[in-house]
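In: with the input below, show me the fold.
(2 chains)
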Amino acid sequence: MDYAKKATEIRAEIIKMLYACQSGHPGGSLSCVEMLMTLYYKVMKNLDPKDPHKADRDRFVFSKGHACPTQYAILADLGYFPKEDLAHLRQIDSHLQGHPDMTKTPGVDCNAGSLGQGASIAAGMALAAKHIGADYKVYSVLGDGECQEGLIWEAAMSAAHYKLDNLIFLLDHNGLQIDGSNDEVMSLGDICKKFEAFGWAVEKVDGHDMDAIEAACHNLVPGKPKFICCETVKGKGVSFMENQYGWHGKVMSQQDYEAAMKELEVE
Amino acid sequence: MAKSLRVAYGEALQELGEKYPNVVAMDADLAGATMSGMFKAKFPDRFYDFGIAEANMVCEAAGFAHTGLMPFVSTFALFGAGRAFEQIRNSVCYVNANVKFGLSHSGLCVGEDGGSHQSIEDISLMRSLPHMTVLVPCDPIEMKKAVFAAAEINGPVYIRVARPVVEDITKEDDPFEVGKANVLKEGKDVAIFATGLMVSRALKAAEMLEAEGISAAVVNFHTIKPIDKETILRYANSVKGIVTAEEHTVIGGLGSAVAEVMAGNGTAKFAMVGIQDKFGKSGKPEQLFEAYGLTAENIVKNAKSFL
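Out: Here you go, the predicted model:
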């Protein structure tokens, strides 16, 4: 697969979806495209679009659930549901909700989006997997602003306590949140050192380098949960959205939409 | 037999664990107080302590439910239903996750710990959530039935576990059907609808009313949600007045649930015995029940106001 081309296609789908519903979150959806692609196309095992509840599949919890257009575009690409459904994101009676909903969308393993909760549920799923003796892994993508939630640290503490080496958190570290940069709003300090101090195996990678993300996902430490800090660019792929916190949840005008799509043309 | 309701909860969990291999118990450093520790003693590898971090416990419980397990989550009612409300809402109820909450030290019965630890709004919070079933057992016999009934429901259940030692009011062979109130005593002048620890006080109030020649029915609402509309409407159309009695704020609890059904229906007058929009305070439970009007005498006073 030509992953670079696929990433551009996924980004174009994200822009189309968000323009159609005239709401949603472009910046943080574009920043984590390669992270989710790595998980869905390269890392997660036993996924079967025809059997989304397969018992031994690896699980994915999108803790920064507001970026769900990225997940929806990938799930449609993998065949969990028709691509035409993407046009109905956030519309009444659509199975594609504004935040991930396991009761509505095929392929969504867990609800999330109320920040902090997805990461904590993921820890529970990983602990439950240990409890039943299953050997699948649980992956969760977190936002950096999200790490201001105390619940993230409660979950981090429990994951280390219970030695959840089947749990992998990937941080979409684009440095921006709704009201500004992380450092302006509420500094995270050295987020890697913090997770390390909580007892996690920690690695930092370029969040747009799928090979690097994949390698980090495979480089696990027995007895420790894994934290992968993925350095990303918010709004990645659309020049006027890149590194602009204003594009966290901004609605695109027709002009914005056309300019974005022009940049995301695939030959 | 006189027994603490939390001990009855712990015993019921132990028995439940034998019947259902997928039951696990969880606590947030209060296993010795909530009696989830009794389950831990019997099934040490099926018990998880999450430390003093209730929000995380609730979300991790949802993760267990998503894995096919049936977690029974315990802590004090205030820290579960209160502090972790939004986790219960979004991670559990929103997806109808099969998580059970046996939350203890509800109401004023935590006594000396004071208002900061007295959960007087948990019924209101829990019954506002779609998918949630709300059970308030009145004695040890009902506690066991409630725990087993909860396990039969595919979805979240809140069981209010009171702390004190109480005598059995109900009998082993009494029915316990979720959503169906039990008439403990028939009466034609007034009806007392009670829940939890107020059921015994309602029975005493009925005796006092009978002594004055007033015929009083007593109905035990062990289920607050779904509320038994049929029984409420039957009395709303047959007695002169209905008094509700609960160890809980009158805003959003049993009284409110009954009023929601009675509004626009029936001819009975209505009064609520409960905590009147106030916080609790330190004291012995019996002193607090007295101070906040949670007494047979206050039920009698309200019932007589209808006549």
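In: which residues of the stretch 1-150 of chain B lie near chain A?
Out: B:24, B:46, B:48, B:50-51, B:53, B:55-56, B:59-64, B:66-69, B:86-87, B:90-91, B:94-96 (C-beta under 8 Å from any C-beta of the partner chain). C-betas here are computed from N, CA, C, even on glycine.
In: tally of neighbours for the residue in chain B positioned nearest to chain A?
Out: As assessed by C-beta to the nearest C-beta, chain A sits closest to residue B:63 within chain B, at 2.2 Å. By other C-beta atoms under 10 Å in any protein chain shown, 29 other residues sit near residue B:63.
In: now do the contacts for the nearest residue to it once chain neighbours are set aside.
Out: Nearest non-adjacent residue to residue B:63, counting by C-beta to C-beta, 6 or more residues apart in numbering or on different chains: residue A:124, 2.2 Å away. Residue A:124 makes contact with B:59-64, B:66, according to C-beta atoms under 8 Å, 6 or more residues apart in numbering or on different chains.
In: measure the closest residue to residue A:74 other than its chain neighbours to chain B for me?
Out: Leaving out its chain neighbours, the residue that sits closest to residue A:74 by C-beta to C-beta, 6+ apart is residue A:40, at 5.0 Å. Residue A:40 sits at a distance of 19 Å from chain B (criterion: C-beta to the nearest C-beta, to the nearest Å).
In: so which of the residues of the stretch 1-150 of chain B next to chain A are in helices?
Out: B:55-56, B:59-64, B:66, B:86-87 (DSSP state H).
In: after the helix or strand hosting residue A:125, which helix or strand is next?
Out: According to DSSP states H and E, residue A:125 maps onto helix A:117-132. Note on helix A:117-132: by DSSP H and E, the next helix or strand toward the C-terminus is strand A:138-143.
In: and residue B:30, what does it touch?
Out: For residue B:30, counting by C-beta under 8 Å, 6+ apart, the contacting residues are B:36, B:74-76, B:104.
In: what two of these are the furthest from one another?
Out: B:36 and B:76 (11.7 Å; C-beta to C-beta).
In: can you give me the strands for the chain?
Out: Since no chain was named, I'll use chain A. A:59-62, A:138-143, A:167-173, A:176-177, A:180-181, A:201-206, A:226-231 (DSSP state E).
In: could you do chain B instead?
Out: Counting by DSSP E, the strands of chain B are B:3-4, B:23-27, B:47-49, B:70-74, B:100-104, B:133-135, B:157-161, B:165-166, B:182-185, B:190-194, B:216-220, B:223-225, B:241-249, B:269-275.
In: can you list contacts of the fifth one?
Out: In this case it means strand B:100-104. B:6, B:9, B:13, B:30, B:33-36, B:70-77, B:80-81, B:88, B:119, B:122, B:126, B:147, B:150-151, B:156-163.
In: please apply the same query to the last one.
Out: Strand B:269-275 is contacted from outside by B:108, B:120, B:198, B:240-250, B:253-256, B:258-259, B:262, B:292-294, B:298-299, B:302-303, B:305-306, using C-beta under 8 Å, 6+ apart.
In: of those, select the buried ones using a PyMOL command.
Out: Buried members of the contacts of strand B:269-275, defined by 16 or more other C-beta atoms under 10 Å in any protein chain shown, are picked up in PyMOL with:
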select buried, chain B and resi 108+120+198+241+242+243+244+245+246+247+248+249+250+253+254+255+256+258+262+292+293+294+298+299+302+303+306
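In: which of the contacts of strand B:269-275 fall within helices?
Out: Going by DSSP H, the helices hold B:198, B:254-256, B:258-259, B:262, B:298-299, B:302-303 from these.
In: how many residues are close by the residue nearest to residue A:74?
Out: 20.
In: pLDDT score for it?
Out: pLDDT for residue A:40: 98.
In: can you pull the pLDDT of whichever residue of the stretch 51-200 of chain A sits closest to chain B?
Out: Closest to chain B within the stretch 51-200 of chain A is residue A:124: 2.2 Å, counting by C-beta to the nearest C-beta. Residue A:124 carries a pLDDT value of 98.
In: before we move on, what about residue A:267?
Out: pLDDT, read off for residue A:267, is 60.
In: equivalent analysis for residue B:147, please.
Out: Confidence score, pLDDT, at residue B:147: 98.
In: name the nearest residue to it, ignoring sequence neighbours.
Out: In space, residue B:147 is closest to residue B:12, 3.8 Å off (C-beta to C-beta, 6+ apart).
In: thinking the one you found is in contact with residue B:149, fair?
Out: No. Judged on C-beta atoms under 8 Å, residue B:12 makes no contact with residue B:149 at a distance of 10.4 Å.
In: who has more neighbours out of those two?
Out: residue B:12 (26 against 21).
In: and that one, how close does it get to residue A:75?
Out: 42 Å (C-beta to C-beta, to the nearest Å).
In: same question, residue A:2
Out: To residue A:75, residue A:2 is 20 Å away according to C-beta to C-beta.
In: which of those two has more neighbours?
Out: The neighbour comparison of residue A:2 against residue A:75 (other C-beta under 10 Å) goes to residue A:75, with 27 against 9.
In: quick one, what contacts the more buried one?
Out: With the criterion set at C-beta under 8 Å, 6+ apart, residue A:75 makes contact with A:40, A:49, A:81, A:105-108.
In: ok, and the most crowded of the residues you listed?
Out: Once you tally neighbours by other C-beta under 10 Å, residue A:108 ends up highest among those, having 26 neighbours.
In: quick one on the thing from earlier: just the buried residues from the residues of the stretch 1-150 of chain B next to chain A, in ChimeraX please.
Out: A single ChimeraX command selects the buried members of these (16+ other C-beta under 10 Å):
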select /B:24,46,48,50,53,55,56,59,60,61,62,63,64,66,67,69,87,90,91,94,95
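In: point out where the stretch 1-150 of chain A drops to low pLDDT.
Out: Applying pLDDT under 70 to the stretch 1-150 of chain A flags no residue at all.
In: and it, which residues reach chain B?
Out: A:101-103, A:109-111, A:114, A:116-117, A:120-129, A:131-132, A:134, A:150.
In: name the nearest residue to residue A:125, ignoring sequence neighbours.
Out: Spatial nearest neighbour of residue A:125, chain neighbours left out: residue B:63 (3.8 Å); criterion: C-beta to C-beta, 6+ apart.
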